[in-house]
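Participant: Output the structure for:
(one chain, ligands or ions: 1)
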Amino acid sequence: MQIGESSFPRRTTRQIMVGDVAVGGGAPVSVQSMTITKTADVDATLQQIYALAAAGCDIVRCTCNEPEAAEGLARIIPRSPVPIVADIHHQYRRALEALEAGVHCLRLNPGNIRKPEHIKAVAMEAKDRGVPIRIGVNGGSLDPALYEKYGGKVTAEAMVESAKIEIGYFEEVGFEDIKISVKASSVPLMIEAYRMLADEVDFPLHLGVTEAGPPPGGLIKATAGIATLLAEGIGDTIRYSLTADPVQEAKAGRQLLESLGLRERKNVDLIACPSCGRAEIDVIAVAEQAMAAFGEREIPLQVAVMGCVVNGPGEARDADIGIAAGNKRGHLFVRGTNVAVVPEDEMVGALVEWAEFIHEHGIDKAMEKADLKAAKEAAEADRAALLEEQGEDANASEQVVELIRKGRS
Ligand code: SF4
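Facilitator: Predicted coordinates for the structure are as follows:
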């Protein structure tokens, strides 16, 4: 298997279209996020939608919580680069207005729009307009009747039942253009609920850990829940719910899918060694400088920052381009082969330059322009000098091994 590929068989589902983005039915897993502006503030919301789209977001949700928000949607949708979902709570009339505004999908929360006639009225209107609906069950706003039924607790069964009741209303009016989410802030609970739901329905599923909180804890929780399910083949579209700039949600979603091999790489995949006694540079600082230098550039390569030339080019031999430090010099390597040597303070600039060249012309052309003999000699000289200075065991591992052995005897 190649880097960037996935070996996870995907669950078979129906497919729906959210605007021009296919969800389920073998379509690539899509990334979603949600604006945090007032939807009535059209310019601010559009600015955020553009930032989200640039960060890799495929579908954006906006709240439609007041009449002015529905009017805002009517102005936003024609100018949005990505499909827009209207988030509806409590007032089914906002759903009808959002449909009138031309929204590409609705999200209804069955926990707070409970009158069957209201739900069916929205489904009929959505059906007439060919607009899908996400049944967005949320552990924190479960229908009180279900909460009671399941012993005053939010359980996976209760969340799945809530979704199935809503599906039932939709089916009564012949509406099946559905995707479903059963989010909870507890990771084990949401995993259980999605697994259960995936066994019972073949609608596409929207994954998320609700109210995951600020990074880094929120990122870890969301990743634990979403990645576990994706690795089981469950999930067709995802959203990180972070207490942070939504651009971070989009980037995290995109990165997760790329790292699981479920989406093609869009930006640089920066890998870096954890540093150790051999490091010739401050690896953390140089990796951060490199991340900042690549920024949002769409260079879909794996780029390595390695602390030493003794082991760096070998440890990161799969990287398309990398840099390893040695004797105040930066050694550039392409797929493990040394290609150039630059002064240490020019390392990051050279890394970006070579990455751009490879992106534009390919690895073979990069090899052609390299002085391979000079680069190899320089790397070998610095490697030998470092080994001479630090010895074979720069991390003093053998002393620790001795201690372990002594403890045994
Ligand atoms: S041996 Fe070199 S490349 Fe490997 S972790 Fe240590 S400093 Fe980084």
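Participant: List the buried residues of the longest helix belonging to the chain.
Facilitator: Criterion DSSP state H: the longest helix present in the chain is helix 372-390. Within helix 372-390, the residues that count as buried by 16 or more other C-beta atoms under 10 Å are 375-376, 378-379, 382-383, 386. In short, each C-beta sits where N, CA and C put it, glycine included.
Participant: anything in the strand or helix carrying Val400 sitting right up against the ligand?
Facilitator: According to DSSP states H and E, Val400 maps onto helix 397-408. No: Helix 397-408 does not reach the ligand (C-beta under 6 Å from any ligand atom); its nearest approach is 11.0 Å.
Participant: Check the model's average confidence along that helix for me.
Facilitator: For helix 397-408, mean pLDDT is 84.
Participant: List the contacts of Leu142.
Facilitator: Leu142 makes contact with 111, 154, 158-159, 162, according to C-beta atoms under 8 Å, 6 or more residues apart in numbering.
Participant: try Lys328
Facilitator: Lys328 is in contact with 280, 343-344, counting by C-beta under 8 Å, 6+ apart.
Participant: and what of Lys369?
Facilitator: Lys369 sits in contact with Phe357, where contact means C-beta under 8 Å, 6+ apart.
Participant: which phi and psi does it have?
Facilitator: Here is the backbone geometry of Lys369 (degrees, to the nearest 10): phi -80, psi -10.
Participant: ok, it to the ligand distance?
Facilitator: 25 Å (C-beta to the nearest ligand atom, to the nearest Å).
Participant: what does Ala123 give?
Facilitator: 57 Å.
Participant: Ok, Ile77 next?
Facilitator: 49 Å.
Participant: Mind pulling the model confidence for the residue nearest the centre of the chain?
Facilitator: The structure's the chain has its C-alpha centroid closest to Gly253; by C-alpha atoms, centre = their mean the separation is 1.4 Å. Predicted confidence (pLDDT) for Gly253: 97.
Participant: Also Thr39?
Facilitator: Taking Thr39 on its own, its pLDDT is 96.
Participant: Check the gap between Lys221 and Ala158 for me.
Facilitator: Distance of Lys221 to Ala158, computed by C-beta to C-beta, to the nearest Å: 21 Å.
Participant: do Cys57 as well
Facilitator: Taking C-beta to C-beta, one finds Cys57 at 31 Å from Ala158.
Participant: Flag every buried residue along the helix or strand Val137 falls within.
Facilitator: Assigned by DSSP H and E, Val137 belongs to strand 133-138. Buried residues in strand 133-138, counted by 16+ other C-beta under 10 Å: 133-138.
Participant: okay if I get these as a markdown table plus pLDDT and distance to Arg195?
Facilitator: Listed next are these as a markdown table, based on pLDDT from 0 to 100; distance: C-beta to C-beta, whole Å:
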| residue | pLDDT | distance to Arg195 |
| --- | --- | --- |
| Ile133 | 98 | 23 |
| Arg134 | 98 | 19 |
| Ile135 | 97 | 17 |
| Gly136 | 96 | 18 |
| Val137 | 96 | 14 |
| Asn138 | 94 | 18 |
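Participant: about what we covered before: of the contacts of Leu142, which is the nearest to Ile238?
Facilitator: Using C-beta to C-beta, Met159 comes nearest to Ile238 of the contacts of Leu142, at 17.5 Å.
Participant: Close to the ligand: what parts of the stretch 251-400 of the chain are there?
Facilitator: Residues of the stretch 251-400 of the chain lying near the ligand (C-beta under 6 Å from any ligand atom): 273-276, 278-279, 306-308, 310-312, 315.
Participant: let's see 5 Å
Facilitator: With C-beta under 5 Å from any ligand atom as the criterion, the stretch 251-400 of the chain meets the ligand at residues 273, 276, 278-279, 306-308, 311-312.
Participant: Now the buried members of those.
Facilitator: 273, 278-279, 306-308, 311-312.
Participant: Inside strands: which ones of those?
Facilitator: Met306 (DSSP state E).
Participant: still on that earlier bit, and the contacts of the strand holding Val137?
Facilitator: So strand 133-138 is contacted by 85, 87, 105-111, 122-123, 126, 159, 162-163, 166-167, 170, 175, 177-184, 193, 206, 210 (C-beta under 8 Å, 6+ apart).
Participant: OK, contacts around Asn65?
Facilitator: 39, 87, 89, 91, 94.
Participant: Would you point out the most distant pair within those?
Facilitator: Pairwise over the contacts of Asn65, using C-beta to C-beta, the maximum falls at Thr39 and Gln91, 13.9 Å.
Participant: and Gly102, what is it in contact with?
Facilitator: Per C-beta under 8 Å, 6+ apart, neighbours of Gly102: 73-74, 77-78.
Participant: Most neighbours among those residues, which one is it?
Facilitator: Leu73 (27 neighbours; other C-beta atoms under 10 Å).
Participant: Okay, helices next: where are they in the stretch 251-400 of the chain?
Facilitator: Remark: helices assigned in the stretch 251-400 of the chain by DSSP state H, counting those that start in this stretch are 283-294, 312-315, 347-361, 363-369, 372-390, 397-408.
Participant: Turn the ones you listed into JSON lines, columns for distance to Ala44.
Facilitator: Below are the helices of the stretch 251-400 of the chain laid out as JSON lines (distance: least, C-beta to C-beta, whole Å):
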{"stretch": "helix 283-294", "distance to Ala44": "26"}
{"stretch": "helix 312-315", "distance to Ala44": "45"}
{"stretch": "helix 347-361", "distance to Ala44": "32"}
{"stretch": "helix 363-369", "distance to Ala44": "43"}
{"stretch": "helix 372-390", "distance to Ala44": "50"}
{"stretch": "helix 397-408", "distance to Ala44": "55"}
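Participant: Out of the ones you listed, which is closest to Phe8?
Facilitator: Once these are compared by C-beta to C-beta, helix 312-315 is nearest, at 26.7 Å.
Participant: Can you give me the buried ones in that closest one?
Facilitator: Under 16+ other C-beta under 10 Å, the buried positions of helix 312-315 are 312-313, 315.
Participant: re earlier: of Cys57 and Ala158, which one has the most company?
Facilitator: For Cys57 versus Ala158, the count of surrounding residues by other C-beta under 10 Å is larger for Cys57: 26 against 22.
Participant: so what's the spatially closest residue to the more buried one that is not a sequence neighbour up against?
Facilitator: Distances taken as C-beta to C-beta, 6 or more residues apart in numbering put Ala250 closest to Cys57, at 3.8 Å, once the chain neighbours are dropped. Ala250 makes contacts with 31, 33, 52, 55-57, as judged by C-beta under 8 Å, 6+ apart.
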